[in-house]
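A.B. asks: can't give you the sequence, but here's the structure:
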């Protein structure tokens, strides 16, 4: 039996869906609806696998081919192309879809269809779930389980899992600690807490109020770097943060406020400028600015004071450490910014 790629790969997924439609196999969603999500996922990926009109007539003029296919398109099926501003996407190009690169709803639809593909090939879902746990959820089983439970719930965003529910439940509980025990342990830990660590964490925060984080860059150079937050556009052509907000946050460089604001600002994130993207930007700045890695805790605290997206760092030391570990310097597929335009010249 041929190996199946456990990535959520668009071209093979479209081929499977159309085969199911041709054989009158029940797909619990229309071809037009599937096409909408595939189109969204490909555009979000921003790898630009489009075919442009060729100025020269050549023997393999794909553009003319796709113009012809468009006129012959049968709307019952998912097309093997789509148009975007006069260009056409070629599904011969392989494209894997990741949750960081599109919205959760679209990812959930494609994830569900991939499970149907596995079932149609008499494949167990175990291998796929094992792979996806690390490929899209970085080994965080609780986050992955929450994702699966949301999709399988009666009021969830997807109802494609009906024939796979038993296998998914078995996978969730396959380890020595199943999901119920895992969630119970977490709730118990949250309820009991660690009073000593919490107290020490709050004492640390109180001692750092008003503290200025020193480094290689001047306050002006710091503001120049973080100007990307309003110069780069996110959703609806709006900045990640407005210039007024950026000016407020960095008015005194990297100085932890004496009084932590009760109301925090929220990043205008998008598939292009995701939380992972911001994590990378903070890592890049820190690695160039700081004298010592020990300053990273203060660095995270500074942003936790102002940004809702990092506010958990104020709650516990473990939450702060999780945020620190995410600032690993791992790039996303969509990292298009010319950081040299923002980093101070050496």
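C.D. replies: Now that the structure is in, tell me what you want to look at. In this text the structure is predicted, and so the values were computed from the model without any measurement.
A.B. asks: Would it be right to say that residue 322 lies in a helix?
C.D. replies: Yes. Checked against DSSP: H, G, I helix; E, B strand; the rest coil, residue 322 lies within a helix.
A.B. asks: For it, list the residues it contacts.
C.D. replies: residue 312 (CB atoms under 8 Å, 6 or more residues apart in numbering). Backbone N, C-alpha and C define where each C-beta goes, glycine included.
A.B. asks: I figured residue 114 hits residue 131, correct?
C.D. replies: No. Counting by CB atoms under 8 Å, residue 114 does not reach residue 131; the two are 10.6 Å apart.
A.B. asks: So which bits of stretch 64-72 are buried?
C.D. replies: Of all the residues in stretch 64-72, those buried under the rule 16 or more other CB atoms under 10 Å are residue 66.
A.B. asks: for that stretch, what is the average pLDDT?
C.D. replies: Regarding stretch 64-72, the rounded mean pLDDT is 72.
A.B. asks: Renumber starting at 7 from here on
C.D. replies: Will do, 7 is the new start, and the previous item becomes stretch 70-78.
A.B. asks: Show me the shaky parts of this protein.
C.D. replies: 7-10, 32-35, 52-69, 90-93, 96-99, 160-171, 181-202, 298-300, 336-341, 352 (pLDDT under 70).
A.B. asks: Could you point out the longest helix of it?
C.D. replies: Selection of the longest helix in the chain by residue count, based on DSSP state H, yields helix 110-126.
A.B. asks: returning to what we had before: between residue 120 and residue 137, which one's more packed in?
C.D. replies: More crowded of residue 120 and residue 137, by other CB atoms under 10 Å: residue 120, with 24 against 13.
A.B. asks: wait, what's in contact with the residue nearest to the more buried one when sequence neighbours are not counted?
C.D. replies: Leaving aside its chain neighbours, residue 120 sits nearest to residue 14 (5.1 Å; criterion: CB to CB, 6 or more residues apart in numbering). Neighbour list for residue 14: 102-104, 113, 116-117, 120 [criterion: CB under 8 Å, 6+ apart].
A.B. asks: now do residue 244
C.D. replies: Here residue 244 is in contact with residue 274 (criterion: CB under 8 Å, 6+ apart).
A.B. asks: With residue 295 as the reference, measure out to the residue nearest to residue 224 when sequence neighbours are not counted.
C.D. replies: Take residue 224 and drop its neighbours on the chain: the residue closest to it by CB to CB, 6+ apart is residue 259, 7.6 Å away. Going from residue 259 to residue 295 by CB to CB, to the nearest Å gives 10 Å.
A.B. asks: Likewise for residue 302?
C.D. replies: 11 Å.
A.B. asks: re earlier: the residue nearest to residue 224 against residue 230, yeah?
C.D. replies: No. In this structure residue 259 lies outside contact range of residue 230 using CB under 8 Å: 11.5 Å.
A.B. asks: So the residue nearest to residue 224: helix, strand or coil?
C.D. replies: Under three-state DSSP, the three-state class of residue 259 is coil.
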